[in-house]
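S.K.: What shape does this take:
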Amino acid sequence: MLNMIYPENCTGCGINTSAPFRYFCWECLNETPKIEAPFCRLCGDPVFGLVQHDYVCFNCSREKPFFDAARSAVRYDGVIAGALRDLKYHSALWMVSDLALLIYMCVQAEFFAQKFDVVTAVPLHAARYRARGFNQSAELGRALARRMQLPFRAGLLRRIRSTGTQTGLTAPQRTDNVCGAFKTGIRARVKGRRILLVDDVMTTGATVNACAKALKRNGAALVCVITVARG
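M.R.: Numbers count the residues shown, from 1 in each chain. From the prediction side, this is the model:
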């Protein structure tokens, strides 16, 4: 009866959707570019052209990231970009289930051989959290953890310094902006754990790398990153 009153239509084109997604139709999803090989084996950034060997991008070759691997489901484009903006800026929390399914499928494809102990997410500063009322990355992480039947621990990381938006900054500026912004939680049990770190969008990777740095320096055995979209 609820579906009759509030039909589950595609947020992109408005037509009725079908399982397993509630707000994305397959046509709109197919028009959203997927992140597919070949890509950097560390940061997951795609490379154009024919690559038939183990590939590491220039940035990761110049300075190895603290995370062990990062992967994203799709490009920040199309219906997914719109859904992420609605989630972040318009509190469209009903999108979380579909977006979490996308990253779950990506985890199954890219980290199928990897065992994780816990799922966590990139934290918001307390002031930003109070203003927004929720952390979109934590909502995605919590939904993903349920699908993976793993514990979700929001308190593994804290954002101890309020940082300005990363939008519009160059790669070096993004790195400087989040330098020293994250610490592990006071009672976080990190040592020896294999951690899956969740965020909504990855652009240069500066934010997730700063988080991974804090986790690794406190003894994490493995930190892999999963995001819905790649900017």
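
S.K.: Determine the set of other helices and strands touching the helix or strand residue 129 falls within.
M.R.: Using DSSP states H and E, residue 129 falls within helix 126-132. Packing partners of helix 126-132 (3 or more C-beta pairs under 8 Å, 6 or more residues apart in numbering; DSSP states H and E): none among the helices and strands. All C-beta atoms are positioned from the backbone trio N, CA, C, and that covers glycine.

S.K.: where along this structure do the helices fall?
M.R.: Secondary structure of the chain (DSSP state H): helices at 2-5, 26-30, 58-62, 78-90, 96-110, 126-132, 136-148, 171-178, 206-217.

S.K.: State the number of residues packed around the nearest residue to residue 33 once chain neighbours are set aside.
M.R.: Closest residue to residue 33 apart from its sequence neighbours, by C-beta to C-beta, 6 or more residues apart in numbering: residue 75 at 4.1 Å. The local packing of residue 75 (other C-beta atoms under 10 Å) involves 16 other residues.

S.K.: need the contact list for the residue nearest to residue 226 when sequence neighbours are not counted.
M.R.: Closest residue to residue 226 apart from its sequence neighbours, by C-beta to C-beta, 6+ apart: residue 103 at 5.1 Å. Residue 103 is in contact with 73, 140, 144, 198, 226, 227, 228, counting by C-beta atoms under 8 Å, 6 or more residues apart in numbering.

S.K.: where's residue 103 relative to residue 213, distance?
M.R.: Remark: distance between residue 103 and residue 213 (C-beta to C-beta, to the nearest Å) = 22 Å.

S.K.: Out of the helices of the chain, which gets nearest to residue 15?
M.R.: Among those, the nearest to residue 15 by C-beta to C-beta is helix 26-30 (8.0 Å).

S.K.: The closest one: which residues count as buried?
M.R.: Neighbour-count burial for helix 26-30 flags 28, 29 (criterion: 16 or more other C-beta atoms under 10 Å).

S.K.: With stretch 210-217 instead?
M.R.: 210, 211, 212, 213, 214, 215, 216.

S.K.: Go ahead and confirm residue 51 touches residue 40.
M.R.: No. Using C-beta atoms under 8 Å as the test, residue 51 is too far from residue 40 to be in contact (9.8 Å).

S.K.: okay, those two: which has more neighbours?
M.R.: For residue 51 versus residue 40, the count of surrounding residues by other C-beta under 10 Å is larger for residue 40: 21 against 13.

S.K.: list the contacts for that one?
M.R.: By C-beta under 8 Å, 6+ apart, the residues touching residue 40 are 47, 55, 56, 57, 60.

S.K.: For it, which non-adjacent residue is spatially closest?
M.R.: Closest residue to residue 40 apart from its sequence neighbours, by C-beta to C-beta, 6+ apart: residue 57 at 3.9 Å.

S.K.: so that neighbour touches residue 45, yeah?
M.R.: Yes. Between residue 57 and residue 45 there is a contact under C-beta under 8 Å: 5.3 Å.

S.K.: Compare these two (neighbour count), which wins?
M.R.: Taking other C-beta under 10 Å, residue 57 and residue 45 do not tie; residue 45 has more neighbours (19 against 16).

S.K.: what separates that one from residue 122, distance-wise?
M.R.: On the measure of C-beta to C-beta, residue 45 and residue 122 end up 18 Å apart.

S.K.: Who is the nearest residue in space to residue 208 that is not next to it in sequence paired with across the strands?
M.R.: Excluding the flanking residues, the one nearest residue 208 by C-beta to C-beta, 6+ apart is residue 225, at 4.6 Å. Counting by DSSP bridges, residue 225 forms beta bridges with residue 70, residue 197.
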